[in-house]
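S.K.: the sequence and its predicted three-dimensional model are supplied below.
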Amino acid sequence: MTRDKARSRVIFALDVDNFDSAKRWVSLLKGHVGMFKVGKQLFTAYGPDVVRMIEGFGAEVFLDLKYHDIPNTVASASIEAARLKVKLFNLHALGGYEMMSRTVERLHREFPGKDRPAILAVTILTSSTTETLRDVGIASPVPEIVVKLAVLARKAGIDGVVASPLEVPLIREACGSDFLIVTPGVRPAFASQDDQKRIMTPAEAVKAGSDFLVIGRPISAAPDPQAAAEAIIEEIASAER
Ligand code: C5P
């Protein structure tokens, strides 16, 4: 794989609590990563201005707000995400088939060209265990529910899922090759594991079938973040040579 292709697959998690620091990271890493992920903390504090700031640098945004509400509310929020010109946003597959399919329909109707965000579904959060599910009345083991929800999302017209690296092969097998898989919890050989438990290296994740990797601390905590991003890109590029 070329370095540019490998770079386009790296999403930097902008896990910071203030606007200026977000801006410094975008300015430092634009050109070194493919996209920036904005999550609930930054978005709750600064709103769409954060997205506009990133796009002002010519960079792309994954809006990680994990919508989960009644179908009409999620569909309407999704239209706003599209108006912000984000490239990816996500919702919880546990919101159900109608929530997902109504969102897909509205988005495709109001943004009929190719120029609309891709929608990702979160299946089961990686912080959940089989016991967490049992407590809320779901009896099946985590991997079974993950695959079931991924298949349901695909049927509803969702473009892909966010999944732990270890779930990638199962999802790829169940959902086919044109379904996007975005994986956090990736740790290059040179980085610390932090609090991530079920990890793979970037090369392993790509070989297993990930399309995009969400990476935070292995880049942000490195002595030279630009060099760390480039080392990760090299790892990904060489995984498929
Ligand atoms: O710093 P690190 O590389 O662990 O950051 C990973 C990013 O991916 C964080 O923003 C984290 O919230 C997110 N994430 C995750 N595991 C999930 C879903 C999202 O680590 N299952």
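M.R.: Received the coordinates, thanks. Numbering: from 1, shown residues only.
S.K.: next up, the contacts around Thr73.
M.R.: Tyr67 (Cβ atoms under 8 Å, 6 or more residues apart in numbering). (C-beta placed from N, C-alpha, C; glycine too.)
S.K.: ok, 10 Å please
M.R.: By Cβ atoms under 10 Å, 6 or more residues apart in numbering, the contact list for Thr73 reads 67, 95, 99, 103.
S.K.: among the residues you listed, which are in strands?
M.R.: Applying DSSP state E to the contacts of Thr73, the entries found in strands are Tyr67.
S.K.: neighbour count and pLDDT added to the contacts of Thr73, as CSV?
M.R.: Listed next are these as CSV, based on neighbours: other Cβ atoms under 10 Å; pLDDT from 0 to 100:
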residue, neighbour count, pLDDT
Tyr67, 21, 98
Gly95, 20, 98
Met99, 23, 98
Thr103, 28, 98
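S.K.: enumerate the residues of this protein near the ligand.
M.R.: Taking Cβ under 6 Å from any ligand atom as the criterion, the chain approaches the ligand at residues 13, 15, 39, 125-126, 162, 164, 184-185, 194, 196, 214-218.
S.K.: mind doing that once more with 8 Å?
M.R.: Taking Cβ under 8 Å from any ligand atom as the test, the list of the chain residues beside the ligand reads 13, 15, 37, 39, 64, 122, 125-127, 162-164, 184-187, 194-196, 214-221.
S.K.: keep only those of the residues you listed that are in strands.
M.R.: Among the residues of the chain next to the ligand, the members falling in strands (DSSP E) are 13, 37, 64, 122, 162, 214-215.
S.K.: which one among those residues gets closest to Leu149?
M.R.: Val122 (8.6 Å; Cβ to Cβ).
S.K.: check contacts around the closest one.
M.R.: Applying Cβ under 10 Å, 6+ apart, we find Val122 in contact with 64, 66-68, 90-95, 149, 153, 161-163, 182.
S.K.: now with 6 Å?
M.R.: Listed by Cβ atoms under 6 Å, 6 or more residues apart in numbering, the contact set of Val122 reads 66, 90, 92, 162.
S.K.: what's around Glu229, how many residues?
M.R.: Actually, residue 229 is Ala. It isn't Glu. Number of residues near Ala229 (other Cβ atoms under 10 Å) recorded here: 23.
S.K.: ok, it to the ligand distance?
M.R.: With distances taken as Cβ to the nearest ligand atom, to the nearest Å, Ala229 is found 12 Å from the ligand.
S.K.: what's around the nearest residue to that residue once chain neighbours are set aside, how many residues?
M.R.: In space, and not counting its chain neighbours, Ala229 is closest to His32: 4.1 Å by Cβ to Cβ, 6 or more residues apart in numbering. The burial count assigned to His32 is 18, neighbours taken as other Cβ under 10 Å.
S.K.: what's the spacing between Leu29 and Asp211?
M.R.: To Asp211, Leu29 is 20 Å away according to Cβ to Cβ, to the nearest Å.
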